[in-house]
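Chemist: Any chance you can model this:
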Amino acid sequence: MSQVTIILPDNSTKVFDHEPSALEVAQSIGPRLAKETLGVKVNGATEISDLRTPLKDQTKISLVTTKSPEAVEVIRHTTAHVLAEAVQQLWPEVKVTIGPVIENGFYYDFDSPFHFTEEHFAQIEKKMADIVAKDLPIVRQNWPIQKAIETFKGMKERFKVELIEDLAGRGEKEVGIYFNGDGWFDLCRGPHIQSTGQIKAFKLMAVAGAYWRGDEKNPMLQRIYATAFGDKKELDLYLHNLEEAKKRDHRKLGKELGLFHFHEWAPGSPFFTGKGATVYTQLQTYMRELYFEYGYQEVITPQIFDSNLFVTSGHMANYKENIFFTRVDERDFATKPMNCPSHCLLFKSEPHSYKQLPLRMADFGRLHRFEKSGAMHGLTRVRTFCQDDAHIFCMIDQMQTEIASFMKLLNQVYSQLGMNNYKIFLSTRPENRMGSDEVWDKAEGALSKALDSLNLPFTVNPGDGAFYGPKLDIMFVDALNRPWQLGTLQVDFNLPEAFKLEYVGEDNREHRPVMLHRAILGSLERFIGVYLEHTAGHLPPWLAPTQVMILNITDRVNGFCEELQGLLKDNKVRVEFDNRNEQLKFKIREAQLQKVPYMVIVGDKEAEAKTVSLRLRDGSEHKGIAVNDLLKLITTDINERKLQSSLMKEAAT
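Modeler: Alright, predicted model coming up:
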């Protein structure tokens with residue numbers, strides 16, 4: 001064989017007299033790198049390939065090592081095999097099926113004659129630890145289809161046989177078989193780490209039932225969920241965050257704080273209480289102020305349209321399963337799942353000149369989308385919601401400025417809310433889409449160019465764009481390091497074409513505008529759910545439903561407390577007076593549970609001196625504050641939309 005050249009990330013090369021594996025390439029660089037290599041990415045692909053895969057001439061590679069963010073995916077893949085081997089060593093009668101990697105871990109489905117419970121976990125984990133300690137080499141073999149079928153038939157592994165026969169039906173001639181050492185093996189395409197000893201930390205998490213291949217007509221299997229990490233510290237942090245996430249669950253907080261509830265007669269449709277509606281409308285008010293600053297006009301559009309609107313927009317062909325339909329006067333109607341088609345109608349309703357562009361159209365209209373019952377989750381996955389939605393109609397040469405303005409606005413909002421940790425993903429053309437490749441090239445190029453010019457790092461998310469255009473997805477990373485997709489910006493050449501939108505250019509000819517779809521918070525329902533979990537319910541004073549709680553020590557000071565309450569109300573502060581006949585400690589505890597930012601305590605001494613004691617959410621207490629000073633402090637914090645009381649910042653300093 002002629003020489004085989006492998007290209008490294010820095011464009012340097014390694015030359016071999018055969019097609020080397022990624023591990024061989026790592027070994028040629030150095031023993032330490034070889035020891036840490038777990039997988040490889042080839043020719044810019046995002047998918048991880050097995051480190052044993054022969055590499056062809058001129059292949060460009062990027063090694064996945066124990067230090068790579070993607071390392072955990074390969075580790076979990078192998079740990080799933082170790083779990084399956086451990087179960088079959090303990091209970092040889094158990095049959096194995098599949099064990100894929102999922103978000104935050106992996107699972108393995110078993111056909112077992114007895115019922116697994118979490119009480120079995122310690123026994124299984126001990127056996128897994130034994131397999132890891134043996135540091136068994138992971139060996140891949142490629143078997144002819146027929147050999148694989150005969151082998152697994154002989155082992156009475158009927159589920160594996162079914163999988164292999166399916167592969168044969170698709171024209172596959174060989175299948176991958178991975179061995180843990182010389183003994184246990186499994187059907188798998190990989191990738192896998194070098195040996196079981198590279199598994200450093202794992203834990204079994206839960207057990208549940210699951211139908212084979214997700215079909216209720218098939219046998220019920222038992223699914224063991226688990227996770228694995230590169231080291232014990234990462235596992236411990238993950239387990240800690242899981243416990244913290246339970247405390248921060250927005251459904252729990254929503255109930256405790258009296259913000260929202262659900263009813264079986266309106267599935268997926270939240271009821272916001274007076275307190276919850278306060279949070280909701282305060283967010284809208286904030287966005288409206290920024291709309292004025294950034295040159296948006298707010299519009300109101302219908303909720304129900306003749307279905308032909310969605311035929312024109314392409315939603316009927318690409319989004320029909322998510323739309324609610326009804327029939328009125330022998331006409332088919334649908335509730336709008338998004339605002340963009342109605343904004344196209346509004347734009348089309350009157351002529352436009354290039355002098356009027358960009359036209360920024362914002363809409364807080366209610367939207368409805370059909371979500372399956374099993375997919376709904378509190379506020380973060382609902383059937384009715386409102387977005388801080390807007391569409392920008394502009395000329396092509398205005399796009400870069402508008403994308404930059406969007407990022408400026410997003411940064412301003414996220415900074416105000418203490419959400420500075422976010423990542424940007426560029427989601428490109430999906431398989432089912434409107435428009436030509438030429439149009440998509442132009443749209444994707446515009447987004448990429450804008451991000452490059454703004455020096456904003458981003459990750460390409462292939463195939464995840466909307467059916468009408470590519471998009472930027474803003475993934476906010478919360479206090480527990482969990483990503484949430486909130487904001488978005490989408491470049492759309494297709495809807496303006498579908499609706500034949502036009503403006504008169506400087507050349508006095510008609511031109512097609514570009515349409516930018518954008519949201520900062522995203523769905524307000526989803527945002528509130530995410531933000532409650534991020535803040536653990538400790539909303540900034542300006543968002544808190546109850547901003548001040550006045551706590552009296554004795555009934556003798558009630559008159560002064562009521563005067564104080566009136567003064568705060570006159571200054572638009574949301575204040576309550578807890579005058580129950582309870583001890584002060586009890587009242588403080590109650591206010592703390594309600595996450596009230598300011599607890600104003602009044603006793604005889606304070607009432608006589610016309611001062612108060614101020615207790616904050618961090619437990620600090622500030623005594624002898626004059627009423628006017630209190631009023632100035634609180635209103636300044638609220639009006640400037642501070643994340644916390646300025647006194648807390650001073651105390652921290």
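Chemist: So, low pLDDT: which residues of this structure?
Modeler: By pLDDT under 70, the weakly predicted segments of the chain are 1, 649-653.
Chemist: 50 instead?
Modeler: Scanning the chain for pLDDT under 50 picks out 650-653.
Chemist: got a list of what the most centrally placed residue in it touches?
Modeler: Nearest to the geometric centre of the chain sits residue 484, at 2.5 Å (CA atoms, centre = their mean). If a contact means CB atoms under 8 Å, 6 or more residues apart in numbering, then residue 484 has 475, 476, 477, 478, 526, 530 as its contacts. Glycine gets a C-beta too; all of them are placed from N, C-alpha and C.
Chemist: The first one and residue 487 touch, don't they?
Modeler: No: counting by CB atoms under 8 Å, no contact exists between residue 475 and residue 487, whose distance comes to 9.0 Å.
Chemist: Please say which of these two ends up with more neighbours.
Modeler: Per other CB atoms under 10 Å, whichever of residue 475 and residue 487 has more neighbours is residue 487, with 25 against 17.
Chemist: Once you drop chain neighbours, what's closest to that one?
Modeler: Leaving out its chain neighbours, the residue that sits closest to residue 487 by CB to CB, 6 or more residues apart in numbering is residue 474, at 3.6 Å.
Chemist: so that neighbour bridges to which residues?
Modeler: For residue 474, the beta-bridge partners are residue 424 (DSSP bridges).
Chemist: Relative to residue 425, how far out is it?
Modeler: Separation of residue 474 from residue 425 (CB to CB, to the nearest Å) stands at 8 Å.
Chemist: Give me the more crowded residue out of those two.
Modeler: Under the neighbour definition other CB under 10 Å, residue 474 and residue 425 were set side by side, and residue 474 has more, 23 against 18.
Chemist: so what's that one up against?
Modeler: If a contact means CB under 8 Å, 6+ apart, then residue 474 has 410, 422, 423, 424, 485, 486, 487, 488 as its contacts.
Chemist: Would you mark the buried spots in stretch 173-192?
Modeler: 175-181, 184-188, 190-192 (16 or more other CB atoms under 10 Å).
Chemist: swap in stretch 290-303?
Modeler: Those would be 290, 291, 296, 299, for stretch 290-303 by 16+ other CB under 10 Å.
Chemist: Just put the residues you listed in a markdown table and tack on secondary structure and distance to residue 390.
Modeler: Formatted as a markdown table, the buried residues of stretch 290-303 follow (DSSP: H, G, I helix; E, B strand; the rest coil; distance: CB to CB, whole Å):
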| residue | secondary structure | distance to residue 390 |
| --- | --- | --- |
| 290 | helix | 11 |
| 291 | helix | 8 |
| 296 | coil | 6 |
| 299 | coil | 10 |
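Chemist: Run through the helices of the stretch 251-400 of the chain in chain order.
Modeler: With DSSP state H, counting those that start in this stretch as the definition, the stretch 251-400 of the chain shows helices at residue ranges 274-294, 308-313, 315-318, 340-348, 399-416.
Chemist: circling back: for the contacts of residue 474, which single residue is the most surrounded?
Modeler: residue 487 (25 neighbours).
Chemist: just to revisit the earlier point, hey, what's in contact with both of residue 475 and residue 487?
Modeler: Between them, residue 475 and residue 487 share the contacting residues residue 422, judged by CB under 8 Å, 6+ apart.
Chemist: and residue 480, how many residues sit next to it?
Modeler: Neighbours around residue 480, by other CB under 10 Å: 16.
Chemist: Show the contacting residues for it.
Modeler: So residue 480 contacts 241, 244, 245, 248, 533 (CB under 8 Å, 6+ apart).
Chemist: circling back to that earlier point, closest to residue 214 out of the contacts of residue 474?
Modeler: Residue 214 lies nearest to residue 485 out of the contacts of residue 474, by CB to CB, at 24.5 Å.
Chemist: Wasn't that closest one part of a strand?
Modeler: Yes: counting by DSSP: H, G, I helix; E, B strand; the rest coil, residue 485 falls inside a strand.
Chemist: Do a quick rundown of the strands in the stretch 101-250 of the chain.
Modeler: Along the stretch 101-250 of the chain, counting by DSSP state E, counting those that start in this stretch, strands occupy 101-102, 105-111, 138-144, 174-180, 185-187, 201-211, 220-229.
Chemist: number of nearby residues for residue 101?
Modeler: For residue 101, using other CB under 10 Å, the count is 18.
Chemist: separation between it and residue 240?
Modeler: Counting by CB to CB, the gap from residue 101 to residue 240 is 22 Å.
Chemist: returning to that earlier point: would you format the strands of the stretch 101-250 of the chain as JSON lines with distance to residue 577 included?
Modeler: Output for the strands of the stretch 101-250 of the chain, formatted as JSON lines (distance: least, CB to CB, whole Å):
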{"stretch": "strand 101-102", "distance to residue 577": "50"}
{"stretch": "strand 105-111", "distance to residue 577": "49"}
{"stretch": "strand 138-144", "distance to residue 577": "68"}
{"stretch": "strand 174-180", "distance to residue 577": "68"}
{"stretch": "strand 185-187", "distance to residue 577": "67"}
{"stretch": "strand 201-211", "distance to residue 577": "46"}
{"stretch": "strand 220-229", "distance to residue 577": "49"}
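Chemist: need the contact list for residue 279.
Modeler: Residue 279 is in contact with 259, 528, 539, 543, 545, counting by CB under 8 Å, 6+ apart.
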